[in-house]
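Undergrad: Please find the sequence and the predicted model below.
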Amino acid sequence: MLERIEELFNERDIESTTYHEGIDPDFQAIRIRDHEDNMVVGLQHYWKNQLLGNTSLFNLYYNDEGHEPMDEPIISIPDRLDAVYYEDVLYIFNDWRFEQMFDYHKVYEEVAEDVIETVKENDIEFEDMDMVEDAILSNPIMMRKFDDVQRTGLYDMIDMDDIDWVITEYAREGIEVVEENGDQWIEVENRQNVWELIHILNDDHVESRLTERAYQATGGKKEI
C-alpha cells in the first residue's frame, strides 16, 4: 500500500496538478514539512461532491478592481483527516474511508473466497451455497469480518458436528444442521442469518464460568 504514496515521503518537490471534472482520484494528501525536513502527511478519502465545478456561484475572487470569475473549478477540502503518516508510523482514524482509498475491498474479497473454498473442501455442505456466497461477497462488512475468520483459523478444521454443537449449545436461530438418510447439510434461513455462520467460523461464542451463561461475543475478544 505504501508504495502508492512513497513519493510523498521521499521526494522533496512533487509535480503539481489540478482537479478536473471527470477525474476521480482515490485519495488526496496534505504534506507539511518544517525547516528541518521533518514531515507529516495527512490522507483524506476523496468524494466527487468536493469538486464544485466552474459554474458555482462561489467561483469568484476579489482583487483591487473588484470580483473576478475563476476559470478553475473549486475543490472543497473536508475538515478532517482519515489517516496521518509521521515518523514511519501510519495512524488510521477512519478504517472504512482508509480501506476505500487503498482498495482493501479486493483484498477482503480474496480472503473471503479463500475461506469459503476451504470450508467447501472440508465437506461442509449447504442447502443453498449460492445464496450464502452471494450474501458474503456482496456485503463489504461481511467480507471484512472474514479477515478475522482467517486469522482465527478455525475454519480450516471445523466439521459439521462442531457447527451443530455450537448451534445447539448457544441456541442460535436462523441456521441449523439437517440430517437425512445419512447426509448432513446446513440450512441458513436467509441472507441476514449468514452472520450466524460467520460467528461460528470466527469462534465468537463463549460461556461465563461465573454465571454459566452462554454468549455470542460479536464486539471483539481478547485472549487472556
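TA: Arrived safely. Numbers count the residues shown, from 1 in each chain.
Undergrad: domains for this protein, by residue range?
TA: Per automatic domain parsing, the domain ranges recorded for the chain read 2-102, 105-216.
Undergrad: Name the helix or strand of the chain that has the lowest mean pLDDT.
TA: Lowest mean confidence among the helices and strands of the chain (mean pLDDT, DSSP states H and E): strand 60-63, at a mean of 51.
Undergrad: circling back: can you tell me which of the domains of the chain is packed in deepest?
TA: domain 105-216 (a mean of 15; mean count of other Cβ atoms under 10 Å). To be clear about C-beta, it is placed using only N, CA and C from the backbone, and glycine gets the same treatment.
Undergrad: backbone phi and psi for residue 88, please?
TA: Dihedral pair for residue 88: phi 70, psi 20, per degrees, to the nearest 10.
Undergrad: meant to ask about residue 92
TA: Dihedral pair for residue 92: phi -110, psi 120, per degrees, to the nearest 10.
Undergrad: what does residue 147 give?
TA: Per-residue torsions, residue 147: phi -60, psi -40 (degrees, to the nearest 10).
Undergrad: does it really touch residue 110, like I thought?
TA: No. Contact criterion Cβ atoms under 8 Å: residue 147 and residue 110 do not qualify, at 10.3 Å.
Undergrad: ok, residues contacting whichever strand or helix holds residue 167?
TA: Per DSSP states H and E: residue 167 is located in helix 160-169. Helix 160-169 is contacted by residues 123-125, 172, 175-177, 184, 186, 196, 200, 205, 214 when judged by Cβ atoms under 8 Å, 6 or more residues apart in numbering.
Undergrad: Tell me who's in contact with residue 137.
TA: Counted by Cβ under 8 Å, 6+ apart, residue 137 has contacts 109, 112-113, 143.
Undergrad: show me where the chain has helices.
TA: Per DSSP state H, the chain carries helices over the ranges 6-10, 95-101, 104-121, 129-137, 140-152, 160-169, 194-201.
Undergrad: Turn those helices into JSON lines, including distance to residue 27 and mean pLDDT.
TA: JSON lines is the format used below for the helices of the chain (distance: least, Cβ to Cβ, whole Å; pLDDT from 0 to 100):
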{"stretch": "helix 6-10", "distance to residue 27": "11", "mean pLDDT": "67"}
{"stretch": "helix 95-101", "distance to residue 27": "4", "mean pLDDT": "80"}
{"stretch": "helix 104-121", "distance to residue 27": "12", "mean pLDDT": "90"}
{"stretch": "helix 129-137", "distance to residue 27": "25", "mean pLDDT": "94"}
{"stretch": "helix 140-152", "distance to residue 27": "18", "mean pLDDT": "91"}
{"stretch": "helix 160-169", "distance to residue 27": "41", "mean pLDDT": "91"}
{"stretch": "helix 194-201", "distance to residue 27": "29", "mean pLDDT": "93"}
